[in-house]
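> 3D model of this:
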Amino acid sequence: MQSGSKDNLNLLLKLADKLGIKFRVVKEELLEDLFLSEAISEGMKTEDVPKSDIMRTLKNENKL
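Model prediction:
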């Protein structure tokens with residue numbers, strides 16, 4: 001959640017807490033990581049390269 005006013009944001013957080021709504025403050029870096037991991041997961045589902053080929057390549061790279 002973003003707000004132009006820190007006071008308004010704090011008011012919303014207090015209201016959510018009072019209403020029993022659970023929330024968590026998420027740092028921008030964590031959000032970027034989440035979007036990246038979702039993009040990677042979607043990319044792993046393509047039919048262009050079989051997952052087994054990717055995994056074999058990754059295993060071979062780790063041996064170097």
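> What's the mean pLDDT across stretch 25-34?
Stretch 25-34 carries an average pLDDT of 86.
> next one: that stretch to chain centre, how far?
6 Å (C-alpha atoms, centre = their mean, to the nearest Å).
> ok, now stretch 27-44?
Offset of stretch 27-44 from its chain centre (C-alpha atoms, centre = their mean): 4 Å.
> Show me what that stretch is in contact with.
The list of residues contacting stretch 27-44 from outside it, by C-beta atoms under 8 Å, 6 or more residues apart in numbering, reads 51, 54. (Each C-beta comes from the backbone N, C-alpha and C, glycine too.)
> can you rerun that using 7 Å?
When contacts are defined by C-beta atoms under 7 Å, 6 or more residues apart in numbering, stretch 27-44 is touched by residues K51.
> Can you classify E47 as helix, strand or coil?
coil (DSSP: H, G, I helix; E, B strand; the rest coil).
> Tell me the confidence at it?
At E47, the model reports a pLDDT of 70.
> any idea how far L36 lies from V25?
20 Å (C-beta to C-beta, to the nearest Å).
> which one of the two has more residues nearby?
Set L36 next to V25 and count neighbours by other C-beta atoms under 10 Å: L36 wins out with 10 against 7.
> Quick check on the more buried one: phi, psi?
phi -60, psi -40 (degrees, to the nearest 10).
> Please state the mean pLDDT value computed over stretch 5-12.
88.
> Which positions in it come out as buried?
Buried positions in stretch 5-12, judged by neighbour count with 16 or more other C-beta atoms under 10 Å: none.
> just how off-centre is it within its chain?
Stretch 5-12 sits 24 Å away from the centroid of its parent chain (C-alpha atoms, centre = their mean).
> Please apply the same query to stretch 38-47.
Centroid displacement of stretch 38-47 relative to its chain, using C-alpha atoms, centre = their mean, is 14 Å.
> now do stretch 13-25
That offset, for stretch 13-25, works out to 21 Å (C-alpha atoms, centre = their mean).
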